[in-house]
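Engineer: okay, sequence plus prediction incoming.
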Amino acid sequence: MSRLLLGVLGLVLAAIPDRVIEWYESIAVASPDEPTAKPWLPSAVRAEGIAYVAIALVGGRAYAWTMGLVGAIGALAAAIPERYLAFGARIGYERPRSIVWRDRFVSVVRAIGVGCVLLAIRATSERRS
């Protein structure tokens with residue numbers, strides 16, 4: 001099941017990276033017109049999507065390693081969501097300090113982080129059984 005979710009997420013990221021970025025900014029940023037994505041961000045989102053699809057199809061060690069990474073990143077997002085968002089903004093946006101996150105979005109990031117940890121635990125238990 002989690003491989004299917006990873007594959008579907010990858011298809012969406014690979015097929016419409018610009019729309020995914022626009023959607024993310026519309027729900028995450030208090031003033032969505034403010035952030036300016038670095039020019040390579042849509043290509044990076046597309047590449048990430050392609051990688052997710054490939055990993056979901058291949059499975060095995062690549063999938064297990066990816067789920068471990070998802071769990072580790074999820075733990076960081078759950079524990080320190082503000083720093084997690086600041087780091088991501090520095091990587092993907094021009095003038096990252098000018099980005100103001102919506103009030104509830106930090107809580108959403110924390111919840112997504114917990115979900116990623118749970119997904120990684122589930123994938124590990126599925127693999128072992």
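Structural biologist: Structure received.
Engineer: mind listing what's buried along the helix ranked longest in the chain?
Structural biologist: Longest helix of the chain, by residue count under DSSP state H: helix 105-128. The neighbour-count check on helix 105-128 (16 or more other Cβ atoms under 10 Å) flags Phe105, Val109, Arg110, Gly113, Cys116, Val117, Leu119, Ala120, Ala123 as buried. For every residue, glycine as well, the C-beta is placed using N, CA and C.
Engineer: ok, the fourth one to Pro42 distance?
Structural biologist: Shown here: Gly113 relative to Pro42, a distance of 24 Å by Cβ to Cβ, to the nearest Å.
Engineer: any regions of this structure where pLDDT drops low?
Structural biologist: 1, 32, 129 (pLDDT under 70).
Engineer: in this protein, which spans are helices?
Structural biologist: 2-15, 17-28, 41-58, 60-79, 81-92, 105-128.
Engineer: which one of those lies closest to Pro35?
Structural biologist: Set against Pro35 and scored by Cβ to Cβ, the helices of the chain come closest in helix 17-28, at 6.0 Å.
Engineer: how about the CA coordinates for that closest one, as CSV?
Structural biologist: These are the backbone C-alpha positions of helix 17-28, laid out as CSV (Å, rounded to 0.1, in the frame of the first residue of the first chain):
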residue,chain,number,x,y,z
PRO,A,17,5.6,20.2,-10.9
ASP,A,18,4.7,23.8,-11.5
ARG,A,19,1.1,23.3,-10.3
VAL,A,20,2.3,21.3,-7.3
ILE,A,21,4.6,24.3,-6.3
GLU,A,22,1.7,26.8,-6.8
TRP,A,23,-0.6,24.6,-4.7
TYR,A,24,2.0,24.3,-2.0
GLU,A,25,2.6,28.0,-1.9
SER,A,26,-1.1,28.8,-1.8
ILE,A,27,-1.6,26.7,1.3
ALA,A,28,1.7,27.2,3.0
